[in-house]
Structure formats: structure tokens, C-alpha cells
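> fold the following for me, if possible:
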Amino acid sequence: MILKDIQKILEAEVIVGDDLLGEDITIACGCDLMSDVLSFFAPGSLLLTGLINPQVVRTAEMADLRAICFIRGKKPAQETIDLAEAKNIPLLTTPLSMFESCGRLHREGLSGYSEYMKKV
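Purely as a prediction, here's the structure:
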């Protein structure tokens, strides 16, 4: 699923990365523990999180994630935005909760990690 479709499904605002909305997203996962992101995410994933600090972007870079979407309307500080822009990682924010965001994406056909691993 392309990131532009995800933006529409989640009613999300693009914070940075308008030019990257054509990126293909393989799976989506909701997580606030960055250690779990490093253990249970696949390259090309979308991270849905309530954390808005720069460490989220650094973790996304290490895990080769495609994009980050902040839930519950959260918006990161400029430091986080600047880092994401430098690393070419799109940032979005949705007013939806983690539960509703994941549910909508799953309903529209985007797999989660466990479904992804069954195919690999």
C-alpha cells in the first residue's frame, strides 16, 4: 500500500515528506517501545507511535522503516522534524488512537508483523 493511501485512511496530516508519499509500505505496526521496533519490525514498515522524540527517528533509520505516523494528534518538536527530514523519513500525524489506526489499516488490507512473517 502506498503512503498516500495510508494518509487518507488515517485522515493524517503530513508533517514532513510530502515528496515521499509514493513510498510503498509493506506492513504497519503500532509500538511505543523502541526495543520492540528493533526486534519485531520488517524493512519497509510504517511505525504508528505515541512517542515524539528524536529517538523514534533514529530507531526508524536503524530498522529501515519507511515512515512514522504519530497517533492522537501528537506533533513532534522541530528537532525531531529536522532529523526525519535529514534522514528522508516521512512523518505524519493522525487524530486517531493507536487501536483505531491499526484497525483501519488492517481492514484496508495492510498486514501486521505476524502476518508478514507467515509469508516470509
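> name the nearest residue to Ser111, ignoring sequence neighbours.
Among residues not flanking Ser111 along the chain, Ile27 sits closest, at 5.0 Å (CB to CB, 6 or more residues apart in numbering). Just so you know, the C-beta spots here come from the backbone N, C-alpha and C atoms, and that holds for glycine as well.
> can you list the weak-confidence ranges in this protein?
Residues of the chain that meet the criterion pLDDT under 70 lie in 113-120.
> what segments of this structure are strands?
Using DSSP state E, the strands of the chain run over residues 13-16, 28-30, 46-49, 67-70, 91-93.
> for Glu85, which of these is the nearest?
strand 13-16 (4.9 Å; CB to CB).
> outside of that closest one, which residues touch it?
Applying CB atoms under 8 Å, 6 or more residues apart in numbering, the contact partners of strand 13-16 are 7, 21, 70, 75-76, 81, 84-85, 90-94.
> if you set the cut-off to 6 Å instead, what comes out?
Ile81, Ala84, Glu85, Leu91, Leu92, Thr93 (CB atoms under 6 Å, 6 or more residues apart in numbering).
> how about stretch 55-70?
Applying CB under 6 Å, 6+ apart, the contact partners of stretch 55-70 are 3, 12, 23, 25, 34, 37-38, 41, 43-48, 52, 80, 83-84, 87, 89-94.
> distance between it and the chain's centre?
Mean C-alpha position of stretch 55-70 versus that of the full chain (CA atoms, centre = their mean, to the nearest Å) differs by 7 Å.
> stretch 49-64 too?
Between the centre of stretch 49-64 and the centre of its host chain there is 9 Å, according to CA atoms, centre = their mean.
> begin at 643 from here
Yep, numbering from 643; the last one is stretch 691-706 now.
> just the helices in this protein please.
Along the chain, counting by DSSP state H, helices occupy 645-651, 676-682, 696-704, 720-728, 740-749, 755-761.
> buried subset of the contacts of strand 655-658 as a ChimeraX selection?
To isolate the buried members of those in ChimeraX, using 16 or more other CB atoms under 10 Å:
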select :723,726,733,734,735
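> quick one: which two of the contacts of strand 655-658 are the most distant?
It's Glu727 and Thr735 that sit farthest apart of the contacts of strand 655-658, by CB to CB, at 14.9 Å.
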